[in-house]
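Peer 1: Quick one, fold the following:
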Amino acid sequence: MRHCSVQVRGLLTRDELDRYNALMEVGSYLESQTRYDLSAIVQAEVDLLIQPGIERLKEKGRERDRKTQEYLEERRRAEWEAQMRQLDEDDD
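Peer 2: The predicted structure follows:
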């Protein structure tokens with residue numbers, strides 16, 4: 001059974017995480033019994049179950065990128081204003 005990342009697991013709801021853990025336990029048992037045909041079905045269910053967590057992780061990344069962009073734009077604006085003030089002072 002393939003586990004999802006710690007980051008994705010951290011973004012699953014309690015119900016999703018409980019179901020994830022139960023499915024992983026069942027899948028591991030099936031693998032130990034060499035029932036790979038059935039464990040593949042369980043893995044497919046796990047893959048579907050973690051999709052909301054993956055989307056939440058992507059949204060966190062997009063939000064971080066937006067905040068970084070806003071910060072950089074604010075820095076550029078502040079630097080530009082400082083340069084303009086310096087030019088005004090030089091002219092006086």
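Peer 1: quick one: the helices in the protein?
Peer 2: Counting by DSSP state H, the chain has these helices, from start to end: 6-10, 14-32, 36-49, 51-91.
Peer 1: can you put those helices in a markdown table and add mean pLDDT and mean neighbour count?
Peer 2: Heads up, the C-betas are built off the backbone N, CA and C, glycines and all. Listed next are the helices of the chain as a markdown table, based on pLDDT from 0 to 100; neighbours: other Cβ atoms under 10 Å:
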| stretch | mean pLDDT | mean neighbour count |
| --- | --- | --- |
| helix 6-10 | 96 | 13 |
| helix 14-32 | 98 | 14 |
| helix 36-49 | 97 | 14 |
| helix 51-91 | 94 | 11 |
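Peer 1: what residue lies at the spatial centre of this structure?
Peer 2: residue 57 (1.8 Å; Cα atoms, centre = their mean).
Peer 1: isn't that residue right up against residue 11?
Peer 2: Yes: if you go by Cβ atoms under 8 Å, residue 57 and residue 11 touch, sitting 5.6 Å apart.
Peer 1: Contacts only, for the closest residue in space to residue 30 that isn't next to it in sequence.
Peer 2: Spatially, and ignoring its direct neighbours in sequence, residue 30 is nearest to residue 39 (4.0 Å; Cβ to Cβ, 6 or more residues apart in numbering). With contacts taken as Cβ atoms under 8 Å, 6 or more residues apart in numbering, residue 39 has the following neighbours: 1, 27-28, 30-31.
Peer 1: what's the closest of those to residue 64?
Peer 2: When the contacts of residue 39 are compared for distance to residue 64 (Cβ to Cβ), residue 1 comes out closest, at 30.3 Å.
Peer 1: ok, that closest one - contacts?
Peer 2: 24, 27-28, 31, 39, 42-43, 46.
Peer 1: Now render the residues you listed as a markdown table, adding distance to residue 67.
Peer 2: As requested, the contacts of residue 1 are exported to a markdown table (distance: Cβ to Cβ, whole Å):
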| residue | distance to residue 67 |
| --- | --- |
| 24 | 34 |
| 27 | 38 |
| 28 | 39 |
| 31 | 42 |
| 39 | 41 |
| 42 | 38 |
| 43 | 35 |
| 46 | 32 |
